[in-house]
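Participant: I'd like to go over a predicted model; first the sequence, then the structure.
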Amino acid sequence: MTDTHYDVIVVGTGAGGGTLAHRLAPTGKSILLLERGGYLPRERDNWDSTAVFVKGKYRAPEFWFDKHGDPFPPEVNYYVGGNTKFFGAALFRLRPEDFGELRHHDGVSPAWPLRYDELEPYYTQAEHLYRVHGRHGEDPTEGAAGAQYAYPPVQHEPRIQRLSDDLEKQGLHPFHLPIGVDLTQDERGGAAHGSACIRCDRVDGFPCLLGAKSDAQIICVDPALAHANVELVTHADVRRLETDPGGRSVTKVVAAMGDGSTAEFRADIVVVACGAVNSAVLLLRSAGDRHPRGLANSSDVVGRHYMRHNNLALMAISREPNDTTFQKTLALNDWYLGSDDWDHPLGGIQMLGKSDSAQIHGEAPRWAGAVTPDMPFEVIAHHAVDFWLCGEDLPAAANRVTLDRDGGIHLALDEKNNIAGLQRLRHKLQGMLGHLGMYEHHLLSHSIYLHKGMPIGATAHQAGTVRFGTDPRASALDVHCKAHDLDNLYVVDTSFFPSIGAVNPSLTAIANALRVGDHIAERLR
């Protein structure tokens with residue numbers, strides 16, 4: 001039991017929780033951050049493909065269960081900074097159309113209770129805070145921006161510049177991928193003297209040994225802790241939230257500590273930011289007499305409408321060697337909202353980090369027979385060009401998180417939900433390969449980025465389980481991400497998403513945390 005009563009407790013230190021703490025730190029109010037893990041160890045394995053991708057060294061040693069009751073290892077990491085320690089730092093805005101109702105091939109993507117224009121100022125602040133490099137105005141599908149990126153785009157290396165030129169010759173609009181790195185470029189695009197980022201090939205999916213990737217620990221948590229009013233407790237696995245007798249306020253945050261003890265923490269305002277699955281789990285696990293279905297769940301939506309994007313990681317083989325080191329610099333959204341031969345959204349294409357030999361050999365058993373004998377894996381590694389295709393996953397009530405009587409986490413998921421657009425996007429890319437200087441018949445599934453081919457295990461883009469809205473009968477949170485059912489409970493990770501669009505969700509979570517932070521700061525006054 002702790003004797004200190006805080007103004008705000010934030011559970012989780014990732015894109016939502018870490019950013020919110022950073023926003024509130026200058027208020028002078030007492031803020032406690034509770035993190036389930038500790039600081040990620042700085043070691044050579046941080047940059048080792050076998051350790052990170054093949055062996056999954058840093059993933060949580062736990063198993064969830066699918067709709068059939070079969071166990072699977074989720075793609076989650078419990079460290080200060082949350083999953084941003086391992087994200088690819090691709091920081092896109094949702095398109096303005098994503099905030100309205102969008103009709104897809106398999107259903108409807110619902111409208112948000114706020115418009116793009118209302119979130120836009122916070123998108124700009126988020127881009128500046130997280131050191132996003134890019135150039136507004138290149139992507140014709142993007143919304144209006146209140147200010148240009150504070151940092152210029154990361155320049156393409158020669159092979160990717162040729163790819164960009166070849167895409168333009170096809171009448172398309174490739175643009176510089178917005179990416180959060182602490183990079184200062186010289187006149188040739190290389191890392192200038194004094195740049196934290198060295199433009200290496202470890203940018204995608206690896207933690208950064210140099211602290212040069214814009215993760216939540218580096219950008220928000222560590223600076224917030226420089227304020228005397230902000231504290232961090234690590235290895236605090238929050239198990240339950242308890243309320244007052246009337247059930248209107250959270251009065252106690254109960255955590256299992258790393259030493260095996262139990263601790264209780266109290267605050268005027270409690271903010272949950274554990275990730276879409278674990279935030280829903282915490283609310284469901286906190287059921288009581290006043291909240292028999294779980295906290296914030298009078299609507300029965302908590303845990304429902306889970307989304308994780310429809311993704312494909314694909315590797316093409318260039319006819320010329322691809323000597324690119326920092327490959328994650330280009331994206332294409334021409335078919336984001338539809339195409340000339342289809343009226344429904346397809347999604348977006350972006351570059352992945354450059355494959356290396358360890359990743360190629362990790363895929364070797366799956367690719368047996370998919371490549372010709374005169375193309376050994378070493379040649380593939382030298383000629384590989386890596387793409388990430390992202391399509392929208394629609395929110396279905398049956399795609400949900402539940403708990404069994406032993407506390408096990410179950411995740412029901414329809415893995416074929418709205419995949420027609422993604423399949424068409426793949427065909428678009430496949431059909432262009434010959435015009436892009438690549439072998440037309442080799443577009444290999446690069447499943448090492450997708451949890452070894454297990455779609456349900458690829459939870460990096462999880463969202464939607466504690467959705468916000470204006471109707472308490474159909475949503476758990478109000479427009480400020482406060483629970484309809486409680487006076488002092490907020491949720492600020494990607495749980496609040498009513499739809500997920502077809503871009504990485506991190507920047508929207510960050511922008512929303514800044515928005516909610518302003519609301520809470522005003523409330524604290």
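Facilitator: Good, I have the coordinates. Numbers count the residues shown, from 1 in each chain.
Participant: Neighbouring strands of the strand or helix carrying V238 in the sheet, and parallel or not?
Facilitator: V238 is located in strand 236-243, with elements delineated by DSSP states H and E. The pairing partners recorded for strand 236-243 under DSSP bridges are strand 250-257 (antiparallel).
Participant: May I see the buried residues of the partner strand?
Facilitator: By neighbour count on 16 or more other CB atoms under 10 Å, the buried set for strand 250-257 is V250, V253, A255, A256. C-beta here means a position set from N, CA and C on the backbone, and glycine is covered the same way.
Participant: neighbouring contacts of it?
Facilitator: 9, 11, 34, 233, 235-244, 262-267, 270, 295, 486, 488-489 (CB atoms under 8 Å, 6 or more residues apart in numbering).
Participant: can you give me the mean pLDDT across the following helix or strand past it?
Facilitator: Note on strand 250-257: by DSSP H and E, the next helix or strand toward the C-terminus is strand 262-272. Across strand 262-272, the average pLDDT comes to 98.
Participant: now the angle between strand 236-243 and strand 262-272, please.
Facilitator: 80 degrees (axes from the mean of the first three to the mean of the last three CA atoms, to 10 degrees).
Participant: State the paired neighbours of strand 262-272 in the sheet, together with their directions.
Facilitator: strand 5-11 (parallel), strand 250-257 (antiparallel), strand 489-491 (parallel).
Participant: Send over it as CSV, restricted to the C-alpha atoms.
Facilitator: The C-alpha coordinates for strand 262-272 follow below in CSV (Å, rounded to 0.1, in the frame of the first residue of the first chain):
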residue,chain,number,x,y,z
THR,A,262,0.6,-6.4,-4.2
ALA,A,263,0.5,-2.6,-4.2
GLU,A,264,-2.5,-0.2,-4.3
PHE,A,265,-2.3,3.3,-5.8
ARG,A,266,-4.9,6.1,-5.6
ALA,A,267,-5.5,9.2,-7.7
ASP,A,268,-8.2,11.7,-8.7
ILE,A,269,-8.0,10.6,-12.3
VAL,A,270,-7.0,7.2,-13.7
VAL,A,271,-6.0,6.8,-17.3
VAL,A,272,-5.7,3.3,-18.9
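Participant: which residues sit against that strand?
Facilitator: Here strand 262-272 makes contact (CB under 8 Å, 6+ apart) with 1-2, 4-12, 17, 20, 32, 34, 233, 236, 241, 250-257, 279, 282-283, 488-493, 495, 520, 523-524.
Participant: Run the chain-centre distance for that strand.
Facilitator: Its chain's C-alpha centre and that of strand 262-272 lie 25 Å apart, by CA atoms, centre = their mean, to the nearest Å.
Participant: Enumerate the positions of it that are buried.
Facilitator: Within strand 262-272, the residues that count as buried by 16+ other CB under 10 Å are A263, F265, R266, A267, D268, I269, V270, V271, V272.
Participant: which residues does the closest residue to G56 other than its chain neighbours contact?
Facilitator: Closest residue in space to G56, ignoring its immediate chain neighbours: P73 at 7.0 Å, by CB to CB, 6 or more residues apart in numbering. Contacts for P73 (CB under 8 Å, 6+ apart) come out as G56, R59, E62, F63, W64, H451, G457.
Participant: just those: which has the poorest pLDDT?
Facilitator: Taking these together, the minimum pLDDT is found at H451 (49).
Participant: Where do the helices of the stretch 151-300 of the chain begin and end?
Facilitator: 158-169, 216, 222-225, 276-285 (DSSP state H, counting those that start in this stretch).
Participant: Next SSE downstream of the helix or strand of the chain with the lowest mean pLDDT?
Facilitator: Taking mean pLDDT, DSSP states H and E as the measure, the helix or strand of the chain with the lowest value is helix 357-367, at a mean of 66. With elements assigned by DSSP H and E, the helix or strand that comes after helix 357-367 is helix 377-383.
Participant: From the contact counts, what lies against that following helix?
Facilitator: Under the contact definition 3 or more CB pairs under 8 Å, 6 or more residues apart in numbering; DSSP states H and E, helix 377-383 sits against strand 310-318, helix 357-367.
Participant: What is the longest helix anywhere in the chain packed up against?
Facilitator: Secondary structure of the chain per DSSP state H: the longest helix is helix 506-524. Packed against helix 506-524 by the contact rule (3+ CB pairs under 8 Å, 6+ apart) you find strand 5-11, helix 17-24, helix 116-129, strand 262-272.
Participant: Throw these into CSV and include distance to S299, thanks.
Facilitator: Putting these into CSV (distance: least, CB to CB, whole Å) gives the following:
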stretch, distance to S299
strand 5-11, 21
helix 17-24, 24
helix 116-129, 23
strand 262-272, 17
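Participant: right, so those: which one is the most enclosed?
Facilitator: helix 17-24 (a mean of 29; mean count of other CB atoms under 10 Å).
Participant: Please enumerate residues in contact with that helix?
Facilitator: 8, 10-13, 31, 33, 81-82, 84, 126, 129, 216-217, 219-221, 223-224, 230, 271, 273-274, 492-493, 509-510, 513-514, 516-518, 520-521, 524.
Participant: same check, this time on stretch 280-290
Facilitator: With contacts defined as CB under 8 Å, 6+ apart, stretch 280-290 is touched by 11, 238-243, 245-247, 272, 274, 293-297, 302-303, 401-403, 407, 409, 465-466, 476, 495.
Participant: quick one: average pLDDT of that stretch?
Facilitator: This predicted structure assigns stretch 280-290 an average pLDDT of 97.
Participant: What is the end-to-end distance of that stretch?
Facilitator: 18 Å (CA to CA, to the nearest Å).
Participant: For it, what is the distance to the chain centroid?
Facilitator: Chain-centre distance of stretch 280-290: 25 Å, with CA atoms, centre = their mean.
Participant: just stretch 341-359 next, same as before
Facilitator: Worked out by CA atoms, centre = their mean, stretch 341-359 lies 16 Å from the chain centre.
Participant: Same question for stretch 434-449.
Facilitator: 25 Å.
Participant: With stretch 30-38 instead?
Facilitator: 20 Å.
Participant: And that stretch, end to end?
Facilitator: End-to-end distance for stretch 30-38, by CA to CA: 21 Å.
Participant: for stretch 444-457, same thing?
Facilitator: Using CA to CA, the end-to-end distance of stretch 444-457 comes to 20 Å.
Participant: And for stretch 297-312?
Facilitator: Start and end residues of stretch 297-312 are separated by 34 Å (CA to CA).
Participant: tell me which residues in that stretch are buried?
Facilitator: Burial within stretch 297-312, assessed by neighbour count using 16+ other CB under 10 Å, is assigned to 297-299, 301-312.
Participant: out of the helices and strands packed on helix 506-524, nearest to E101?
Facilitator: Among the helices and strands packed on helix 506-524, the nearest to E101 by CB to CB is helix 116-129 (13.5 Å).
Participant: What is the closest one packed up against?
Facilitator: Looks like helix 116-129 contacts helix 17-24, helix 506-524 (3+ CB pairs under 8 Å, 6+ apart).
Participant: want to try TSV for these, with distance to D106 as columns?
Facilitator: Formatted as TSV, the helices and strands packed on helix 116-129 follow (distance: least, CB to CB, whole Å):
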stretch	distance to D106
helix 17-24	33
helix 506-524	23
